[in-house]
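> No sequence on hand, only this structure:
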């Protein structure tokens with residue numbers, strides 16, 4: 001679900017520029033629903049569904065990709081000055097090999113944690129994207145339960161969302177020893 005402000009800005013920009021159009025740029029993608037009415041046939045229907053899927057997907061991916069990129073960059077910058085990398089360079093390894101074989105595996109753990117945390121929240125759906133783009137899903141169901149209000153449905157969705165996050169964190173913990181053998185001994 002994440003910070004609403006960080007997801008709202010790309011959503012609005014995408015809707016204005018690519019959905020409605022901006023200046024001489026015409027609107028290229030629909031801004032609501034999963035499909036247009038009166039579209040028949042396999043290929044026209046598939047193309048129509050793809051066009052409806054572009055803006056919600058780009059909205060969600062833009063924010064998440066930036067988080068992954070900044071996290072990986074920060075952890076790699078922390079690892080660059082480590083003694084074991086200096087030793088690897090002194091042994092004569094090329095800089096690419098030092099980064100790929102030594103620095104990146106050690107910098108992967110925070111990124112893997114972030115990926116699995118976001119997977120847990122992705123299972124719950126994105127309330128903002130599903131509501132704005134009129135997509136059916138757990139996020140829009142949650143929003144409808146808030147507006148009604150439907151207390152039992154909200155409680156059930158909270159339990160489901162929490163379980164999804166817990167399961168994804170468990171999977172991340174099980175994946176750590178595979179990615180970094182030092183975790184096995186601790």
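Cool, the structure landed. As the structure is a prediction and not an experimental result, all values here were calculated from the model.
> Find the nearest non-adjacent residue to the most centrally placed residue in the chain, please.
Closest to where the C-alpha atoms of the chain average out (C-alpha atoms, centre = their mean) is residue 64, at 4.0 Å. Leaving aside its chain neighbours, residue 64 sits nearest to residue 118 (5.7 Å; criterion: C-beta to C-beta, 6 or more residues apart in numbering). Heads up, the C-betas are built off the backbone N, CA and C, glycines and all.
> Let me see the backbone angles for that neighbour.
Dihedral angles of residue 118 (phi, psi; degrees, to the nearest 10) stand at phi -70, psi -30.
> how many neighbours does it have?
18 (other C-beta atoms under 10 Å).
> and the gap between it and residue 37?
34 Å (C-beta to C-beta, to the nearest Å).
> Next, the buried residues of the longest helix seen in the chain.
Assignment by DSSP state H gives helix 42-80 as the longest helix of the chain. For helix 42-80, burial by neighbour count (16 or more other C-beta atoms under 10 Å) applies to 48, 52-53, 55-56, 58-60, 62-64, 67, 71-72, 75-76, 79.
> Which helix or strand lies directly C-terminal to it?
Moving toward the C-terminus from helix 42-80, the next helix or strand (DSSP states H and E) is helix 83-90.
> ok now that next one, how far from the chain's centre?
34 Å (C-alpha atoms, centre = their mean, to the nearest Å).
> try stretch 69-89
In this view, stretch 69-89 has its centroid 24 Å away from the chain centroid, taken as C-alpha atoms, centre = their mean.
> Residue 79: what's it in contact with?
Contacts for residue 79 (C-beta atoms under 8 Å, 6 or more residues apart in numbering) come out as 85, 103, 106-107.
> Would you format the residues you listed as TSV with pLDDT and distance to residue 170 included?
Below are the contacts of residue 79 laid out as TSV (pLDDT from 0 to 100; distance: C-beta to C-beta, whole Å):
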residue	pLDDT	distance to residue 170
85	84	31
103	83	27
106	80	22
107	81	22
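> Which two of those have the greatest separation?
85 and 107 (11.0 Å; C-beta to C-beta).
> Next, the angle helix 83-90 makes with the longest helix of the chain.
Calculated by axes from the mean of the first three to the mean of the last three C-alpha atoms, to 10 degrees, helix 42-80 forms an angle of 90 degrees with helix 83-90.
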